[in-house]
Structures are given as C-alpha cells and as structure tokens.
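Undergrad: Structure for the following, please:
(one chain, ligands or ions: 1)
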Amino acid sequence: MTIGMIHHSITPLGIANVIIDNPSKKNAMSFDMWKQLLDVVGQLSENQAIRVIVIQGYGVEAFCSGADISQFSEVRTESNSARFDELTRLTTQQISQSAKPTIAAIRGYCLGGGLNLALSCDIRISASDAKFSLPPARLGIAYPGYALTNLVNVVGEQAAKYLLFSARRISASNALQIGLVTSVVDVDSFAAEVEGLACDIAVNSPLSIKAAKVGLGLLGGSNDQLDDPKFVGLVEKCYTSEDYKEGTAAFQEKREPNFKGT
Ligand code: COA
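TA: Okay, the predicted model is just below:
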C-alpha cells in the first residue's frame, strides 16, 4: 500500500505546481496530506518568488476523490471529528486566503472534500473528462459549514442543493453551466492551457492581483451564521449516527448504503 503525499515543484517563472499524489485511492486526501498541504501552501504563500500556485492531482484519473474514507473510523469519529473539520477548514482557508493567486487544474474525479479543495482556489479550470460530485449524503456525514459557504459563493444555493441532496455526478460541461468551473478544455490541450493561464497570471502585476484578490474576498459571503447551535448540532449528530457507520461500511464493502435517518 502506497502512502499518499503532497509534493511540489517551482518553475523559473515562479509557478508552483502542487500535486495531490495518492493514485491508488484516486488521490484521496489522508489526514497527513491535509497537514502537508496546509504547510506547503503556507510556505509558498510566504515565498516572494512565487507568482501563482497551481494545484492538481497526480495522473489523469482524478484531481482528488475527497478525504480518505478508509481513515474515517480513526480520524473522523464522534470524539475527534471537530479536529478533522478544523484541519480541512484551515487548509482550504490557507488556499483561499493565500496572498498568491491559486488555480485548481481538474482532470477526472473531483469529489467531496476534493471539490471543496478546488472551490477554495481562485480559478477552476477543468478538462473535458472531469466529473464532479458532493457525496456526503452517500456517507451519512454533513458538509462542514465553511465548505457550504465556499460552495454557495461559487454556484449559488440552488445548484448547491442539487449537488448535496442528490449526490449525483455531473460532467465538466454541466459544471461549466452552473459556474462551478471557469472553463473546460479538451484533454489533449489541457496541460498547455493550464500552463498558459499560469504564465499569463505569473507575468502580471502581483500587487494588482493581490489587491483584486483581497478586495473580492471582502465582497464575498461570510461564515457568520454557521455558528448557529442548531446547525452545529446537526453536523455533530451525523458523526454519532447509524447512517454514518452504514455509509462508510457500504463504501468499503462496495455495496449500496441503506440509510434509516438515525
Ligand atoms: N477514500 C479512500 N479510498 C478511496 C477513495 C476515498 N475517498 N476513493 C477511492 N478510493 C479507493 C477505493 O476504495 C479503491 O480501493 P481498492 O482498490 O483498495 O478497492 C480505489 O480507490 C479505486 O476506487 P474504485 O472505487 O475501485 O474505482 P472506481 O473507478 O470504480 O470509482 C470513485 C472511483 C472515485 C468514483 C469511487 O472510488 C468513489 O466514489 N470514491 C469515494 C468518493 C467519496 O465519497 N468521496 C467523499 C469523501 S469525503
């Protein structure tokens, strides 16, 4: 069994390419990988030489299939789920609040926490083979409040409900229609297009881009109302539920889940 990791390289133009590398699990993010990503983006954000950060999955099959479900019984239990949610919140916030512009370059599956990760980037560019979904309702977990904010800020409440309630997978062209991605590019020209976009950003004025990013961030939605005890209680209840056990077991046993709402 290979252990997933985050690694990166930097081009002479100051483009940092960050890779989510866990191909045997379709680039799922382990607890350790969330920590690594937090550190890497933190370091790159402080580095004067960096002009733009591009995040992508290893290979062509997946950007990221979400959090590593095989670890849920250890790292996402009733007693420690808050720690898990806090780590993913900090990591995605490190990306969304980075002083550098960020691009999610998406091929293949972009699911759950992986989609949340993409949503924390400034720009999402998708290959035509990309597939998107939000499967928490297939696992019996609640999408965290901060992630709901990211989602609604990008696609609006209607598309957010469609994705979260149905857990349906949507294509790259559907994702473009609902504004989830900024553009869709044929797989053959995808790498060149990502590089071209990163180069265009890298040669532009960093101060101008930073001002635009901070200003647009101030205009965006806030998390304020998500401290509401009713909502917090609903999120916690999922972790103690039979449905959560059933959802994760069904995934691991490769069968349909049978949810009872308890
Ligand atoms: N966590 C842990 N393992 C994962 C994973 C995840 N998020 N996503 C995929 N894997 C593992 C599978 O368990 C499988 O492992 P195995 O080879 O030991 O059986 C391997 O990756 C390949 O996945 P598989 O399901 O066989 O491939 P597929 O092409 O039929 O389907 C996915 C790919 C990504 C659509 C499917 O694996 C899936 O739905 N993953 C879960 C997505 C999810 O619910 N994410 C939300 C987590 S918050």
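Undergrad: which ones are touching the residue nearest to residue 119 when sequence neighbours are not counted?
TA: Once flanking residues are discounted, residue 119 sits nearest to residue 150: 4.3 Å by Cβ to Cβ, 6 or more residues apart in numbering. Bear in mind the C-beta positions are built from the backbone N, C-alpha and C, glycine included. Residue 150 makes contacts with 92, 96, 116, 119, 120, as judged by Cβ atoms under 8 Å, 6 or more residues apart in numbering.
Undergrad: repeat for residue 102
TA: Residue 102 touches 41, 52, 53, 54, 55, 95, 96, 120, 121, 122, 123, counting by Cβ under 8 Å, 6+ apart.
Undergrad: didn't the third one look like it was pressed against residue 105?
TA: Read that as residue 53. No - when contacts are counted by Cβ atoms under 8 Å, residue 53 is not listed as touching residue 105 (10.7 Å).
Undergrad: rewinding a little: could you measure the residue nearest to residue 119 against residue 122, distance?
TA: As judged by Cβ to Cβ, to the nearest Å, residue 150 and residue 122 stand 12 Å apart.
Undergrad: joint contacts of those two?
TA: residue 96.
Undergrad: all strands of the chain, in order?
TA: All strands of the chain, identified by DSSP state E, fall at 5-10, 15-21, 52-57, 62-64, 102-106, 109-111, 123-127, 131-133, 170-171, 183-185.
Undergrad: can you list contacts of the shortest one?
TA: Read it as strand 170-171. With Cβ under 8 Å, 6+ apart, strand 170-171 has contacts from 130, 131, 132, 133, 163, 178, 180.
Undergrad: re the thing from before, quick one: the strands of the chain as a markdown table, columns for mean pLDDT too.
TA: Output for the strands of the chain, formatted as a markdown table (pLDDT from 0 to 100):
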| stretch | mean pLDDT |
| --- | --- |
| strand 5-10 | 98 |
| strand 15-21 | 98 |
| strand 52-57 | 98 |
| strand 62-64 | 98 |
| strand 102-106 | 98 |
| strand 109-111 | 98 |
| strand 123-127 | 98 |
| strand 131-133 | 98 |
| strand 170-171 | 98 |
| strand 183-185 | 98 |
